[in-house]
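**Student:** Requesting a structural model of the entry that follows:
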Amino acid sequence: MSAHDPACPLCNEDGGTLLWRGAHLRVVEVDEPDYPGFARVIWQGHIPEMTSLSTHGREALMRAVWAVEQVQRDVLHPDKINLASLGNMVPHLHWHVIPRWREDRHFPAPIWAQPRAEADAGEAAWQTRRDDVIALLPRYRQRLVEALDALLWQ
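**Tutor:** Numbers count the residues shown, from 1 in each chain. Prediction:
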């Protein structure tokens, strides 16, 4: 596969707010107001599948995914974390790391599913929890950079 595809949005843009960049991958925060802390771990080169990477590349990418998940757990305290590597719309290797809460609009379904309800009895509880999580985002971002910097494969 080519290292760069001029038609690929993840080759030409960061894919979110850049939080960290290493030699082979980057981590961005996704602008998804209902899912604060949602991160994407993106391989730099235009490669569509995990098995297209070397063993070392696969290990490096997954160490980054696990580091993001651990920081989300430690700082944001979600009820669950969803990991997804789809690439159906953008065939450029990337992992979604999504903190989830029982009160969020889609739980327990994936965030791409139809929401449970626009406004239901849990909406006020979710807004309160969401505001609490948003207040933790600066600490989350700092801890994420520290965790990724600490990985040996930079």
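**Student:** List the contacts of Glu32.
**Tutor:** By CB atoms under 8 Å, 6 or more residues apart in numbering, Glu32 lies in contact with 38, 111. The C-beta positions use only the backbone N, C-alpha and C, and glycine is treated the same way.
**Student:** what's the closest non-adjacent residue to Leu25?
**Tutor:** Distance criterion CB to CB, 6 or more residues apart in numbering; nearest residue to Leu25, sequence neighbours excluded, is Trp43 at 5.3 Å.
**Student:** what's the longest helix along the chain packed up against?
**Tutor:** For the chain, the longest helix by residue count, based on DSSP state H, is helix 123-150. Judged by 3 or more CB pairs under 8 Å, 6 or more residues apart in numbering; DSSP states H and E, helix 123-150 is in contact with strand 17-21, strand 25-29, helix 55-71.
**Student:** Among the ones you listed, show me which one is buried the most.
**Tutor:** Of all the helices and strands packed on helix 123-150, strand 25-29 has the most neighbours on average by mean count of other CB atoms under 10 Å, namely a mean of 23.
**Student:** what's that one in contact with?
**Tutor:** Looking at strand 25-29 with CB under 8 Å, 6+ apart, the contacting residues turn out to be 14-21, 37-44, 60-61, 64, 68, 141, 144, 148.
**Student:** which residues touch the residue nearest the centre of the chain?
**Tutor:** Geometric centre of the chain, nearest residue: Ala39, 2.2 Å, by CA atoms, centre = their mean. Neighbouring residues of Ala39 by CB under 8 Å, 6+ apart: 16, 19, 27-30, 68, 72, 96-98, 144.
**Student:** Also Gly16?
**Tutor:** Contacts of Gly16 (CB under 8 Å, 6+ apart): 28-31, 39-40.
**Student:** Relative to Ser54, how far out is the residue nearest to the centre of the chain?
**Tutor:** Separation of Ala39 from Ser54 (CB to CB, to the nearest Å) stands at 24 Å.
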